[in-house]
Every structure is written in structure tokens, then in C-alpha cells.
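Engineer: Kindly generate the corresponding structure for this input.
(chains A, B, C and D)
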Protein chains: 4
Amino acid sequence: MVRVTIWNENSHERRDERVAAIYPKGIHGAIASGIAQDGYSIRTATMNEPEHGLTDDVLRDTDVLIWWGHCDHEEVDDAIVDKIYARVLQGMGLIALHSSHYSKIFRKLMGTSCLLNWRVADEKERLWVVNPAHPIAQGVDRYFELEQEEMYGEFFDIPDPDELVFLSWFQGGEVFRSGCTFRRGQGKIFYFRPGHETYPTFHHPTVLRIISNGVRWAAPEPELKPISNFPGPAPALEPITNEHKKR
Amino acid sequence: MVRVTIWNENSHERRDERVAAIYPKGIHGAIASGIAQDGYSIRTATMNEPEHGLTDDVLRDTDVLIWWGHCDHEEVDDAIVDKIYARVLQGMGLIALHSSHYSKIFRKLMGTSCLLNWRVADEKERLWVVNPAHPIAQGVDRYFELEQEEMYGEFFDIPDPDELVFLSWFQGGEVFRSGCTFRRGQGKIFYFRPGHETYPTFHHPTVLRIISNGVRWAAPEPELKPISNFPGPAPALEPITNEHKKR
Amino acid sequence: MVRVTIWNENSHERRDERVAAIYPKGIHGAIASGIAQDGYSIRTATMNEPEHGLTDDVLRDTDVLIWWGHCDHEEVDDAIVDKIYARVLQGMGLIALHSSHYSKIFRKLMGTSCLLNWRVADEKERLWVVNPAHPIAQGVDRYFELEQEEMYGEFFDIPDPDELVFLSWFQGGEVFRSGCTFRRGQGKIFYFRPGHETYPTFHHPTVLRIISNGVRWAAPEPELKPISNFPGPAPALEPITNEHKKR
Amino acid sequence: MVRVTIWNENSHERRDERVAAIYPKGIHGAIASGIAQDGYSIRTATMNEPEHGLTDDVLRDTDVLIWWGHCDHEEVDDAIVDKIYARVLQGMGLIALHSSHYSKIFRKLMGTSCLLNWRVADEKERLWVVNPAHPIAQGVDRYFELEQEEMYGEFFDIPDPDELVFLSWFQGGEVFRSGCTFRRGQGKIFYFRPGHETYPTFHHPTVLRIISNGVRWAAPEPELKPISNFPGPAPALEPITNEHKKR
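Structural biologist: Purely as a prediction, here's the structure:
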């Protein structure tokens, strides 16, 4: 059973009545409910818990970490970020949602600024599938629509994704690479764009389906082993003749 | 004229007579001499200079930075690393040589551990071209040989390269992705494997040719402009009708 | 000097007055005029010439072939397609424009159906740069607009591009991967979406700039040599000991 | 249950006693036995059956096609190749083994010559894992060895693989991209290098494990639907205002 930890900054929900009305159990709670029927072992964690709820035990027992952060990226403890980073390289999957494009952990894994253009104008977003055979796109039609979302526009400063799954069209005139996969070490990463806190995006069935697909895709292979590079010099596997020395 | 800065830790040369005998002007000096005829404006910089020789002025006036480091990676000032990182994202090319796979700047740009297997056993390396049309492979035959080199073996923990140009065969039985390109922001990065300090690799004409090809490839386009994302909300380019509100 | 051959089906121009009014010298003539000042050696070729104007001599002397075809794809002689294919694998660049997505040569190089969605509705297209450091994007701002174009929409059945340079936004609600590069053999291929025959797209300065950038990018390296694989068994470069036979 | 069809030219086995001694049930039979315990529905097909054993019914009921061909590539009926090609684009997985690099179907899907260097000299091959988290590499250690194999060496004329999983080291001095994945349409393709007919490669447990991993990886998603592009013009999803006409 895939073990999922859903991490949420959980800041807007506590400070903004509009957000609390949309997400009474928090964004993390909405996602947890939304993928509850898919057979995962789910826990949640939030910023204000000790160690942000991401203790060594929790991270060790997490196969896929879902991340939502926005206004408090800088409040996340660097030591925790380093632990998450190490776990991703060891094989833990990571699903970075929406404004998590600018989280410490995502930027550290990308090696770029991860900046983009944005606008909150209650506009329509239409997400198009550009890789229909990808596991993450299963159950999604040619496209789906979110009637109101924040706009994210190019140029999005990320490395070229390993795979591009979704592209967004925005009513205000922009486009965006909205579903991108990356591999870092043994860990699989899925960035998924939608999910501004003032819209009910995480109640949308297709959004939840895609997140659940992402969990299954990002989960480490059952037999995955740590990388076993030698700590010192590697023994030669074949005789080394050093012919040049004999000349 | 492309402006090249060749940075070298310059530590082995000053402490080890064998290395000094091979590189009396330092590894940086050998590379500078080796590409001197190719029409670049070349300067060098080393660890022990103030700000490691990489002042704001030097970095601003550098189109391509060549980097060689090994035993003193941790001595490189984080503030300088951050400046180099910013310049790469703005468009400065970076050529990371050999043991620079584990330099702070390369790891920061990759987002992975960049660990690998290694062995110093005076063994033969044969580098094969797997992308013969690539600008970096021009002037190189199907393969070339280095009679003695350090071995670097897989698994090399890097993101999938954007382009793979060279693969190495080692006498002791390993293989390695020896010529890899990556784009980060507007900057082009070329990792090139050979160049252990106890071997005359940086006097080898094909190695020098490849480094020079790399400089030409990694140099920013003459018209390159800074990325101009909006600092705040981006204005809409099309009318946003918010039809949903009218229902 | 890069030698460019601009091939055009040249069918709409001869049969449709509206098209002839926009392109009195043909689409090939418009492109030739539009990049004339960029220092290339330019010739044109059209369907109705003997061998479609693409004789062995012409193909041998072409560094970059620009292709525009639409309603008469099936009329192109397979033998000529095979010659173009061989030349691309040897290093000739290919720029496939607009409806050439369904040309025999492009489909043969892609290995997919190259089908897409389309609509001719005089709608606005906005092309966004998603790889601002790419040579093909130089001189282009964050985006540019074509007031009227045909729509091409996803899913576009191509292999994952090596590089994605432009994405299109369409007024009618679609998005498209509009600037894509591919390498096949030693040849570089650039697919560029705009250019429906009933619109003045090939008079637009940014479109012409991008095509010219594409020519420079796709031109083979001056020193490029044919691939020199052995016709029969390759001689061993190292002793083969067959230790297993001695056991 | 994934439905696998193993296709074999089955020519060497019938004409060469040495090969028949190694593969008394044919290469197809060896592979079928070797993956029999992994829970697939397996059938085999060979060249001399009507329609090469690949009738419309068989292809429709195949999720993953494994292909081994060598001396009789040209004997494969183009009409059958076209049907396989269509099925791959619709989502059927394809595993191309060894000399199938030059099969009609693989070349048609790649869009390149697929040529390489080769040598039959009973030499050792060592395959290194360069993507240890990949599903196809599960159960494989850092490397594995085949004591005798044919050599395949670079330059291998394929498009850049979507993913590189294995690299080979050969005793005679060459390297090779031995495990490569590609997506074409909705179909996943895995090329795997080893498997010369005069060696017992298809009895090697790691080789069989990798082929079985490949089957699981290449199998289409259970919910995969045909691509539903419009046959004619696509209806607009948003109002098209044609503002330019009003000016």
C-alpha cells in the first residue's frame, strides 16, 4: 500500500474566511478526502506541527509526499528541506502543487529560479493533455476546464521537463506548462499547476484524479534499493594492463 | 569576442610536485594556452585570489566560465557560488570539468547528489561520440583515447542530460556518460569528464578542441536579454469575461 | 555561406486568387524575400518542376531545406522523399512549416501520425517563448501575435520534441506546441506552426526572423563528416581473451 | 492480465544446428518459458505462419509485442508492418530485441537508419544501469555480465531516447546505449540490445527479468482510449471576436 503524506502550509485557511469556507478541513484535508477511496495509506502534516510534521519517522515511512505552500515558503526550516531532498534522491516521490513551484524543496531539486508570471482574476483555465498515454493523464478527456483559477504564464523558469503531460490555456491570453515530470536521483517528481487557495480546485474530480494518478506514478518501485556506489575507490572488474608503461 | 574565465582551484599544482611538473602554469594555464588560438578573450582566476578571483566585475564580463575543482570544493565561498548561479541563470555558459562534478555550483544547478564511482589506476579511457552532429563533437573522430586517466563509473547521479555527446569506456570495465549538456534558466552547461590532475589530459589536442567547442556552444546568444517576467500581477492580454458569475 | 532551398507546393497560389493576392511570388517567394538580407545563398523549388525541383545536385548543394506543403502531400514522389530523408540523416537541416506537419518527409522522420486538430476561423494566435535562450528564439519578445491564423490544437501526435521553443495560445480556446526541434541522424529539424495560405503570415517580421534563426540553427556544422560505421565487422580495439573458454 | 505476443523470425533455429541446440523451442519459446511465471497471457508468432502469425485478431488482442528478427527483415510483409505501426500508435507496447534494431517496424517508428557497428567475437558484455529507479531496471544490480555476446558499438543512429536505462561495456573496447525507451503516439517502445542467436542470452535470468519488466512497463494503461482528434474542423471552445475586422 502506497504511503502518502500530504503537507500543507495551512496558513490561508486559518487567516482568511473565504479560504476557510472553501477548505474547512484545509487544502490537505480536501486532498486527503478526495483520494481516500484510492487505496493509499494517507496522513497529513502542516507547518505548525513540530518539525512541520515531517519527523524522520514520517519521512522514512512516506512513499509519496504531496506539497502545497505559498506565502510562508521562507518559514520552512532548511534542515527539514534537506531531509526531504535526501529522501527524494533515495526514491520518495514528490508532487508539487501550484504555488509550490516556489517552495524551497522544489527550487532545490530544479536548480533554477522557478519564477513565472501570475495574475488572480477569476479567469478560466483549460488544461490540455499533450501526452495521452501517460499514467498521470488516465481518465482525463482531451482537456478539462476550471472556471476560475489564478493565471500562471510563461516563461516558467524550470529545466526542460523529462515529460510534459498538460498545457494550460488561460482566458487572459497566456499558456503554461502545467503538468511536468522530472527525475532526481531515484525520486520521481510531478509538478501540477492548478490550486489557488481562493478557488475550489481541490474539490474538482479531475484535479483529484490527476493527483491520485500522480501518487501511483511517483511511488517508488517495490524492490527499489539504495544506490550502492563505492565510498572509496571502486575495484577494477577487468585487468588493467598499463601497456603504455611497458613501451 | 567570447569572454572566457578559466577558474582553477590550483591546489594540487602548488602542493604536489608531480602535478606541478605536468602543469607548471596550472591546469588553468594549460587550458588557457590550449584554446588561445581560437579567438576568445581569456582570463584566469584561482581559489586564493580575493573573492576567488570572481568579483562582480569579472562575472559580469564573463560569457563562459570554465571550472576545475577537486579537493577544496567546500572552501569555495557560498556567496560566490550564489553569484555564479545567478549569472548562469541569466545566460553565462558553464563548463564543468572532471572532478567539478562535485563542486558546489554544479550540484546546485543539477539538484542531485552528483555522486559517482571512481578509481585512480592509470587505466585507459576511450571516449565515444554518440551525437556526431553536435557542435561540441566537431573535429572529433568516432572516438579518441586517453592512455591514462582516472576512472569515473556509473551510476552517475545527475538528472537526465538534455543531450548526451560522449560515452566513456574504461579498461577496468566501467562506462560513463562523459559529455552531457544541461540548460538552466538562460545558461548552457557542459559537463566534460576527463582531466585528473596527475595526467597530461589538458595537453591533449582533442580534449582542448572539445573544451573550445564547448565554449563556442555555451556562449550566450549575442542578442540575449534578461528574462522579463512581471514583478507583480501580469496584465491580462485578452478580456476576462467571468461568465460563471453571470449565471 | 549557408545554402538554403525553399520548397513550396505552390498550388493554392495558382488556383486561389485570394492566396495569389497575398503571395504574388508564392509563399516560397515571400520567404526568400523575407530572409534575403541575412546572408544566405537562397534558391527555391516547387512541385511542378522536374523532380519537384529537388534534383540530386540541388539536394547535395542544400544545407537547409525549408518545406511548405498542404493539399498535395500525396503528390510528392516517394523517390524524392527518400532522397530528402537520406540527406537529412547525413546532416541537411529541415524546417517544416505549418501544414507540412503532414508532409511525407516530416511523418517519415517522426515515426508518428503527426495528426492534430485544426480550424480556419480568422482567429488570433499568440506565440509564447518557453526557451528564451534558444538560438531560434533570438530577437523575439516574451510573445508575439498573429491577428488571424488557422488554429492547430493538441493532441499533436509527434514524438516528444528534443526542445520546445514556442507554445501557441488560440482565441478559440486551444494550445499547441508550435516550435519544436528534433534531431534525426546528423540532421536538425525545426517544426514551426504558423503559415496558413490565406493569411499574410510569411510577411510578418517576427515569423521571418524565426525562420531565419531556424536556418542558422539547422545548418550543419562546417566540419561535419559522414557517419563512418563499418560496413562489415568492426575490428576489436582491445584484446578479447575469452576467459570463459579456458575454464 | 497483460496479453503478450512474442514474434520471432525463427530462421536461424531451423537452419543452424548450433542455434537449435541453444534454443530447441526457438528464441520465442525460450522467452515464453522465461517469463511464463510472471502472470501474462502469452502467445508466440513466427515468420512462416500465415500473415506471419500477426492477424488482425492477434494484433487487436496484443498489449505488448516482443520482436526478434535478424537475417530476414526484408521478408516481413509491408502490410503487416503497417498494421503493427498503427497498433503501436494506438497504444500497443513494443519490445525490440537485439538485431531488431534494423527491423522494418523499428526503423519506421524511429525515423532514422538505426545502423550501428557490430562484431561477433565471443566477447564479454557488461551492462550498467544508468537509471536505477526505472521500472525496467528493477531487480538488476549495478551491472550484470554476459560472458559471450555479439558486440554492438556506437554510433547507433537513433533519435535521442526518451529515457536511457542501460549502457554496455564490451571487452573489445566499445560502448553502446543498450536499453532505450521511446514513445510514439500512445505506444511505449523499449529497445534492448543483447540476444545474438548463437549465445544462450535468452536463458539468462537477468535478461529475462528485464524483458518481463519491459512488458509491464510497455503495457498500455487499462483505461487508455483512442486519440479523439476531430476528423474535420474543431468547433471553437471560446468566442472568436475577430476584432481586427472591426477596425
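
Engineer: next helix or strand past the longest strand anywhere in chain A?
Structural biologist: Using DSSP state E to define each element, chain A has its longest strand at strand A:117-129. Heading C-terminal from strand A:117-129, the first helix or strand you meet, by DSSP states H and E, is strand A:143-153.

Engineer: Straight-line length of stretch A:9-17, end to end?
Structural biologist: 16 Å (CA to CA, to the nearest Å).

Engineer: Which positions in that stretch come out as buried?
Structural biologist: The neighbour-count check on stretch A:9-17 (16 or more other CB atoms under 10 Å in any protein chain shown) flags A:9, A:10, A:11, A:12, A:13 as buried. C-beta here means a position set from N, CA and C on the backbone, and glycine is covered the same way.

Engineer: State the distance from the first one to chain B.
Structural biologist: In other words, residue A:9. Relative to chain B, residue A:9 is positioned 21 Å away (CB to the nearest CB, to the nearest Å).

Engineer: what do you get for the fourth one?
Structural biologist: Going from residue A:12 to chain B by CB to the nearest CB gives 18 Å.

Engineer: so what's residue A:246 scoring on pLDDT?
Structural biologist: pLDDT, residue A:246: 58.

Engineer: I'd like the average pLDDT over the longest strand of chain A.
Structural biologist: Across strand A:117-129, pLDDT averages out at 98.

Engineer: quick one: that strand near chain B?
Structural biologist: Yes. Interface with chain B: strand A:117-129 contributes A:117, A:118, A:119, A:120, A:121, A:122, A:123, A:124 (CB under 8 Å from any CB of the partner chain).

Engineer: Bridged to the third one, which residues?
Structural biologist: When bridges are called by DSSP bridges, residue A:119 pairs up with residue A:151.

Engineer: That one: neighbouring residues, count only.
Structural biologist: Burial of residue A:119 is recorded as 19 neighbouring residues (other CB atoms under 10 Å in any protein chain shown).

Engineer: returning to what we had before: ok, so of the buried residues of stretch A:9-17, who is nearest chain D?
Structural biologist: Nearest to chain D among those is residue A:9, at 28.3 Å by CB to the nearest CB.

Engineer: residues contacting the nearest residue to the closest one once chain neighbours are set aside?
Structural biologist: Closest residue to residue A:9 apart from its sequence neighbours, by CB to CB, 6 or more residues apart in numbering or on different chains: residue A:69 at 4.4 Å. With contacts defined as CB atoms under 8 Å, 6 or more residues apart in numbering or on different chains, the neighbours of residue A:69 are A:7, A:8, A:9, A:47, A:76, A:99, A:100, A:103.

Engineer: Ok, residue A:185 next?
Structural biologist: Per CB under 8 Å, 6+ apart, neighbours of residue A:185: A:88, A:89, A:90, A:91, A:227, B:112, B:113, B:157, D:133.

Engineer: Pick out the lowest-pLDDT one from those.
Structural biologist: Among the contacts of residue A:185, residue A:227 has the weakest pLDDT, 91.

Engineer: That one is in contact with residue B:157, isn't it?
Structural biologist: Yes. Using CB atoms under 8 Å, residue A:227 makes contact with residue B:157 at a distance of 6.7 Å.

Engineer: on that earlier part again, next, format the contacts of residue A:69 as a markdown table and append secondary structure and pLDDT.
Structural biologist: As requested, the contacts of residue A:69 are exported to a markdown table (DSSP: H, G, I helix; E, B strand; the rest coil; pLDDT from 0 to 100):
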| residue | secondary structure | pLDDT |
| --- | --- | --- |
| A:7 | strand | 98 |
| A:8 | strand | 98 |
| A:9 | coil | 98 |
| A:47 | coil | 98 |
| A:76 | coil | 98 |
| A:99 | helix | 98 |
| A:100 | helix | 98 |
| A:103 | coil | 98 |
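
Engineer: any idea which of these has the most stuff around it?
Structural biologist: When neighbours are counted by other CB under 10 Å, residue A:7 leads these with 30 neighbours.

Engineer: need the contact list for that one.
Structural biologist: A:28, A:44, A:45, A:46, A:52, A:53, A:54, A:65, A:66, A:67, A:68, A:69.

Engineer: Could you rerun that using 7 Å?
Structural biologist: Contact partners of residue A:7, counting by CB atoms under 7 Å, 6 or more residues apart in numbering or on different chains, are A:28, A:45, A:53, A:54, A:65, A:66, A:67, A:68.
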